[in-house]
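> how would this look folded up:
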Amino acid sequence: MVKNKQKTHKGMAKRLKLTKSGKVKRSQAGRGHLMSHKSGNRVRKLRKSQLVACKIAETYAYLLSPGR
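All right, here's what the predicted structure looks like:
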């Protein structure tokens, strides 16, 4: 019986990135559309990326890097 390799979850790979130290980086929600009524200050803050909270980041990191 041949055991298949774990594959990278491609949906996650398009949305998340791993940093050098192994943390998971994500973009912020709320930038897709309807930007005209949002203040410039709010839009500027939405441009920055965020780190994923610790416990769920372990799951995401597992899905993103099966070879490790």
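> Would you mind naming the residues that bridge with the residue nearest the centre of the chain?
Residue closest to the mean C-alpha point of the chain, counted by CA atoms, centre = their mean, is L16 at 2.4 Å. Each beta-bridge partner of L16 is listed here: R26, as defined by DSSP bridges.
> and it, how far is that from R42?
When distances are taken as CB to CB, to the nearest Å, L16 and R42 turn out to be 23 Å apart. To be clear about C-beta, it is placed using only N, CA and C from the backbone, and glycine gets the same treatment.
> now do S49
Computed with CB to CB, the distance linking S49 and R42 is 16 Å.
> Convert the C-alpha atoms of stretch 60-68 to CSV, please.
The C-alpha atoms that make up stretch 60-68 are tabulated as CSV, following Å, rounded to 0.1, in the frame of the first residue of the first chain:
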residue,chain,number,x,y,z
TYR,A,60,-2.3,27.1,8.3
ALA,A,61,1.4,26.5,8.4
TYR,A,62,0.8,22.8,8.2
LEU,A,63,-1.4,23.3,5.1
LEU,A,64,1.1,25.6,3.5
SER,A,65,4.3,23.6,4.0
PRO,A,66,3.7,19.8,3.8
GLY,A,67,7.4,19.1,3.1
ARG,A,68,8.7,20.3,6.5
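> which intervals of the chain have sub-threshold pLDDT?
The chain contains residues with pLDDT under 70 at 67-68.
> Tell me which stretches of the protein form strands.
Residue ranges of the strands in the chain, as given by DSSP state E, are 16-18, 24-26, 50-51.
> other SSEs contacting the first one?
If I follow you right, that is strand 16-18. Here strand 16-18 touches strand 24-26, helix 54-64, going by 3 or more CB pairs under 8 Å, 6 or more residues apart in numbering; DSSP states H and E.
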